[in-house]
Structures are given as C-alpha cells and as structure tokens.
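[1] Just the structure for this:
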Amino acid sequence: QVQVVESGGGLVQPGGSLRLSCTASGFTFGYYAMTWYRQTPGKERELVTSIGSDGRRTNYADSLKGRFTISRDNAKNTVYLQMNWVKPDDTGVYYCNAKVLGHNYWGQGTQVTVSS
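    Numbering: from 1, shown residues only. Next up, the predicted model:
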C-alpha cells in the first residue's frame, strides 16, 4: 500500500534552516509529482511547494519563494524541503502529499517550530 512518511521537523531559531524529508513507498515514485503542504496555527492547510516527477518543474507559494526549496531523489524515493531564513510564521505541521491514480495520500506530518 502507499505510504508517505515525513521527518526532519523540530525546533529552529528565527533565521535558521531546516531540511524536511518525505519518503514514499507503495508506488512508482519517479512517475508522480510530490507536494508539500503546511498547516499553521489558526489557518487552513496550504500548499507550500510541488515538484514534477523528474524534478525539473517546481512550483512555490508566492510568499515562500526564495526561502524554501524543494528537491527530490528518485533513487531514494524521497522528496526534500529545504527551509532557509525561517520565521515564526513558518511554525506549523508540514505534510507531504502524493496523488497517485487520483487518490491523495498524506503522511502524518512533521512539526516545525520557529522560536527563539
């Protein structure tokens, strides 16, 4: 069955960096786009960034361009989210999503807390 597992969250100071990972299984990873979402306190889940199946095409929320970078390693079935210059507003739960044959699969999320 399809599984999506996020990791790498934690506590980071404002202005710092963090790299999240998402490892997937149960489908041919290199065939599908992958997406990161986040849910920050008091807000609905929002799209952060997505990456095409071969990693060439990426898409970012306008507010995050320049600070966050998505990448993937198809040999490792893993997608990454590099977060730089983080702000307290980046605090939230970050989720990885795989849409496989019309079905959405989510991980359990990884908590990111930006605080001094």
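
[2] For the residue nearest the centre of the chain, list the residues it contacts.
    Geometric centre of the chain, nearest residue: W36, 3.2 Å, by C-alpha atoms, centre = their mean. Shown in contact with W36 (C-beta atoms under 8 Å, 6 or more residues apart in numbering): 20, 22, 47-50, 70, 79, 81, 94-97. (Each C-beta comes from the backbone N, C-alpha and C, glycine too.)

[3] Nearest to T28 among the residues you listed?
    Checking those against T28 with C-beta to C-beta, the nearest one is V79 at 14.2 Å.

[4] Just to be sure, that closest one is in a helix?
    No - using DSSP: H, G, I helix; E, B strand; the rest coil, the secondary structure at V79 is strand, not a helix.

[5] follow-up on the earlier one: separation between the residue nearest to the centre of the chain and L81?
    W36 sits 5 Å away from L81, going by C-beta to C-beta, to the nearest Å.

[6] Strands of the chain, residue ranges please.
    Applying DSSP state E to the chain gives strands spanning 3-7, 10-12, 18-25, 34-39, 46-51, 58-60, 68-73, 78-83, 92-100, 103-106, 110-114.

[7] From the chain's centroid, how far away is the first one?
    What that stands for is strand 3-7. Relative to its chain's centre, strand 3-7 lies at 10 Å (C-alpha atoms, centre = their mean, to the nearest Å).

[8] Now that strand: average pLDDT?
    The average pLDDT within strand 3-7 is 97.

[9] returning to that earlier point: spatially, which residue comes closest to the residue nearest to the centre of the chain, not counting chain neighbours?
    Nearest residue to W36 in three dimensions, chain neighbours excluded: V48, at 4.3 Å (C-beta to C-beta, 6 or more residues apart in numbering).

[10] top of the contacts of W36 by neighbour count?
    Of all the contacts of W36, V79 has the most neighbours under the rule other C-beta atoms under 10 Å, reaching 29 neighbours.

[11] does that one really touch T69, like I thought?
    No - V79 is not in contact with T69 according to C-beta atoms under 8 Å; the separation is 11.3 Å.
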